[in-house]
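Participant: Prediction below, plus the sequence it came from.
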Number of protein chains: 2
Amino acid sequence: MSIEQFSAKGRLADTGEGITGDELQLAARNHGIPLEALRYEVTPPGLHYVLVHYDIPAANAATWRLTVDGCVEQPLSFGLTELRAMGRETVRVTLECAGNGRASLQPRPISQPWVMEAVGTAEWTGVPLADLLRAAGIRKDAIDVVFTGADHGFERGVEQDYQRGLSVSEALDAGAVVAWEMNGAPLPPQHGYPLRLVMPGWYGMASVKWLRSIELIDHEFTGFQNAVAYRFRQKSDEIGVAVTRIEPRALLIPPGYPDFMSRHRFVPAGSVTLQGRAWSGWAPIDRVEVSVDAGVRWHDAKLDAAGNDLSWRGFSYDWDARPGEHVLTVRAHDESGRLQPIEAPWNRGGFANNSAQRITVFVTNPA
Amino acid sequence: MSIEQFSAKGRLADTGEGITGDELQLAARNHGIPLEALRYEVTPPGLHYVLVHYDIPAANAATWRLTVDGCVEQPLSFGLTELRAMGRETVRVTLECAGNGRASLQPRPISQPWVMEAVGTAEWTGVPLADLLRAAGIRKDAIDVVFTGADHGFERGVEQDYQRGLSVSEALDAGAVVAWEMNGAPLPPQHGYPLRLVMPGWYGMASVKWLRSIELIDHEFTGFQNAVAYRFRQKSDEIGVAVTRIEPRALLIPPGYPDFMSRHRFVPAGSVTLQGRAWSGWAPIDRVEVSVDAGVRWHDAKLDAAGNDLSWRGFSYDWDARPGEHVLTVRAHDESGRLQPIEAPWNRGGFANNSAQRITVFVTNPA
């Protein structure tokens, strides 16, 4: 067998092809948020979605170093203790995987097969990225900032450390934090222990985990995860458009109780307060609509108080549940004018798919 | 649609049928241990496998009650504070899902589609179950002990709270603990917050989460999770044999680094120390064998010091990795004389499948 066979190019599933063994292996090790855990405004760490490209690295916080170098006035190197002395800020951030919703696409891109649950909100504590960059001194020739993690592997035939680039202005202006705590505790291994980038408003691929290097370069970064992966494409041979901020999406907490296997819901007839959360990486959420008849009619949900930054916003809708079968669905609007579509347009990587959730509910007669 | 269609009977996949959407939904919300996390002797909570039958219940520790009643001299009811006053013991326990390995079976039972990663080891702190039962006073007519959780749903057409029964002697003698801490912190929601049973040596279905009731009854418990689910059967209409203790199994930490999609491994040529963990719910592990040629020849691994109880035991094997393709595999023996099979016999529920792990490794030439 050749390296090309071990680490093959991406492909689309054939018509009618079920989820493959390779996709299942990823689904078994990565995980989404169980939808009932949308009840927590801040997601407990083990319920927050996790996507690890390669392996979770073994890491020792006592010896961990983060370097800031390249096109800077003064290269810097930090241990954890030194980094903590640079400042401390806590941001509440909703992160979503760029591949969320991929598994429902037709045809289906073969990759991590998310259904709709690759999201979570946490409070990340660390030092503002802008403070670190300014401490090093950004030279005039700096174009991009490259973040390198300690996770290493092959992807579509290319051996690599996980690396992502941002422009200098994106790195300075988006409120990014180099974080060592999640929800007030050291980062769990799967969330980047001991150090990670958190990039508010952007899909998760930008928030490089196990962060060990920040390098400013005098040209555009063309590494795999910016130039090959994470691009909107219709055909495999086009250059495509970079995936950046999170498209608006709302998810309902499935009401009532589930069937183990189908996850269909049973709800006793009567008044039911439907609840959920909505988010967008472009602008705050300003409207959420709920439909209890599969999208025929839409009703404005009541919004919870707006939070800070771009973290999700709670909503609720009082439903008079009558016996029979119903399909619940929901869509989010944000202040930039973006409206979540019922069915998002297809792209070859299955990125930024924010098609509306549908929950099949069986309302049972009163006892 | 009828309740029967919403909550259908179990079935086997058709020949060649890929993983279904229903299975994928379960795989996206439940998760296994990423195999590299076998490096931790005690699994961090977000990396420990999780299987939730219905929804994670909303729980309030301040008002939570646990009752002990039925065939007892003195029915008891505890809040968390009262329960903590009954005693405190910490046990290190390896838990594995009874359905681990199910997804690789031919034909494949349609249920939670584990590959091989549904395992984890934690330190659980609580009060010994035997102390609670003795405090209530076990009456002579008590036959079984029924544990009821707060999670509620349908399963194969049957509405239920999750419930499992043990015989009085199993409940007294297996070292079970009613736990409120995992690894020194309150239980995470998905691991049973605020209270759960932990049954050392048994597959995870016995360790009832979100525990709210312990009832002693004067007859054999015939609830769904004992009498219908979790039984070894060849045919759907036979009574079958109860699934109880964990069969021996060893897992290697995959060496080198992975391909993102296939999870095949790349290893630079040279000396490689293969490491892993092995466990059995029947008796301590006393031997682990490793093969680096797909099971043609077997070599004894070096065992780490034995731990307490029935928690997993580390092992290692020094491998001289030569360039080319290799298939690594491993098997465990325990002191009861049980040997992990290369291919475990099929049963209709896909339970207790301990077929040997196989890792495909591509050893690359020295640079």
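Facilitator: That came through fine. These numbers were taken from a predicted model, which means no experiment stands behind them. Residues are numbered from 1 along each chain as shown, chains lettered A, B, ... in the order given.
Participant: Averaging pLDDT per element, find the lowest-scoring helix or strand in chain A.
Facilitator: In chain A, no helix or strand scores lower on mean pLDDT, DSSP states H and E than helix A:3-6, which sits at a mean of 78.
Participant: so how far is that helix off the chain centroid?
Facilitator: The chain centre lies 29 Å from the centre of helix A:3-6; the measure is Cα atoms, centre = their mean, to the nearest Å.
Participant: Could you give me the buried positions within that helix?
Facilitator: The neighbour-count check on helix A:3-6 (16 or more other Cβ atoms under 10 Å in any protein chain shown) flags residue A:6 as buried. No exception for glycine: its C-beta is placed from N, CA and C like everyone else's.
Participant: now the strands for the stretch 201-350 of chain A?
Facilitator: A:211-217, A:231-232, A:241-242, A:249-252, A:257-258, A:265-268, A:270-279, A:285-291, A:299-300, A:302-303, A:313-321, A:324-334 (DSSP state E, counting those that start in this stretch).
Participant: Dump those strands to a markdown table, plus mean pLDDT.
Facilitator: Compiled in a markdown table, these are given as follows (pLDDT from 0 to 100):
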| stretch | mean pLDDT |
| --- | --- |
| strand A:211-217 | 98 |
| strand A:231-232 | 98 |
| strand A:241-242 | 98 |
| strand A:249-252 | 98 |
| strand A:257-258 | 96 |
| strand A:265-268 | 96 |
| strand A:270-279 | 98 |
| strand A:285-291 | 98 |
| strand A:299-300 | 98 |
| strand A:302-303 | 98 |
| strand A:313-321 | 98 |
| strand A:324-334 | 97 |
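Participant: Just say which of those strands is most tucked in.
Facilitator: strand A:249-252 (a mean of 26; mean count of other Cβ atoms under 10 Å in any protein chain shown).
Participant: Parallel or antiparallel, list what pairs with that one.
Facilitator: For strand A:249-252, the pairing partners within the sheet under DSSP bridges are strand A:270-279 (antiparallel).
Participant: I figured residue A:327 hits residue A:358, correct?
Facilitator: Yes - look at residue A:327 against residue A:358 with Cβ atoms under 8 Å: they come within range, at 5.5 Å.
Participant: Need the overlap of contacts for the two.
Facilitator: Common contact partners of residue A:327 and residue A:358 (Cβ atoms under 8 Å, 6 or more residues apart in numbering or on different chains): residue A:294.
Participant: quick revisit: next secondary structure element downstream of the least confident helix or strand of chain A?
Facilitator: Toward the C-terminus, helix A:3-6 is succeeded by helix A:21-29 as the next helix or strand (DSSP states H and E).
Participant: Check whether residue A:300 really touches residue A:315, as I assumed.
Facilitator: No - between residue A:300 and residue A:315 there is no contact under Cβ under 8 Å: 9.2 Å.
Participant: Quick check: neighbours shared by these two?
Facilitator: The contact sets of residue A:300 and residue A:315 overlap at A:288, A:290 (Cβ under 8 Å, 6+ apart).
Participant: from chain A, which residue is nearest to chain B?
Facilitator: Chain A approaches chain B most closely through residue A:18 (1.5 Å), counting by Cβ to the nearest Cβ.
Participant: Let me see the domain layout of chain A.
Facilitator: Chain A breaks down by automatic domain parsing into domains covering A:3-242, A:249-364.
Participant: want to try JSON lines for those domains, with distance to residue B:4 as columns?
Facilitator: Below are the domains of chain A laid out as JSON lines (distance: least, Cβ to Cβ, whole Å):
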{"stretch": "domain A:3-242", "distance to residue B:4": "24"}
{"stretch": "domain A:249-364", "distance to residue B:4": "11"}
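Participant: Minimum distance to residue B:134: which of the ones you listed has it?
Facilitator: Between residue B:134 and the domains of chain A, the shortest gap by Cβ to Cβ is with domain A:3-242, which sits at 33.8 Å.
Participant: Just the terminal-to-terminal distance for the closest one.
Facilitator: 28 Å (Cα to Cα, to the nearest Å).
Participant: next one: that domain to chain centre, how far?
Facilitator: Relative to the chain's own centre, domain A:3-242 is displaced by 9 Å; criterion: Cα atoms, centre = their mean.
Participant: Then stretch A:301-320?
Facilitator: Taking Cα atoms, centre = their mean, the mean C-alpha location of stretch A:301-320 is offset from the chain mean by 19 Å.
Participant: Only alpha carbons, please: show it as CSV.
Facilitator: Only the C-alpha atoms of stretch A:301-320 are listed here, as CSV (Å, rounded to 0.1, in the frame of the first residue of the first chain):
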residue,chain,number,x,y,z
ALA,A,301,-39.9,33.4,19.5
LYS,A,302,-39.4,35.5,22.6
LEU,A,303,-35.7,36.3,22.9
ASP,A,304,-33.7,36.2,26.1
ALA,A,305,-31.7,39.2,27.1
ALA,A,306,-28.8,39.7,24.6
GLY,A,307,-25.4,38.5,25.9
ASN,A,308,-22.0,39.9,25.3
ASP,A,309,-19.9,39.4,22.2
LEU,A,310,-21.2,36.8,19.7
SER,A,311,-22.2,34.0,22.1
TRP,A,312,-25.6,32.3,21.6
ARG,A,313,-28.9,33.9,22.6
GLY,A,314,-31.7,31.9,24.3
PHE,A,315,-35.2,32.0,23.0
SER,A,316,-38.6,30.4,23.8
TYR,A,317,-42.0,29.9,22.2
ASP,A,318,-45.2,28.7,23.9
TRP,A,319,-46.8,26.0,21.9
ASP,A,320,-50.2,24.5,22.4
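Participant: ok, and what's touching that stretch?
Facilitator: Identification of contacts with stretch A:301-320 by Cβ under 8 Å, 6+ apart yields A:41, A:91-94, A:119, A:121, A:175, A:200-201, A:246, A:250, A:255, A:270-281, A:283-290, A:292, A:299, A:330.
Participant: got the strands of the stretch 201-350 of chain A as TSV, with distance to residue B:66 columns?
Facilitator: Below are the strands of the stretch 201-350 of chain A laid out as TSV (distance: least, Cβ to Cβ, whole Å):
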stretch	distance to residue B:66
strand A:211-217	44
strand A:231-232	53
strand A:241-242	53
strand A:249-252	32
strand A:257-258	22
strand A:265-268	26
strand A:270-279	28
strand A:285-291	37
strand A:299-300	41
strand A:302-303	36
strand A:313-321	31
strand A:324-334	35
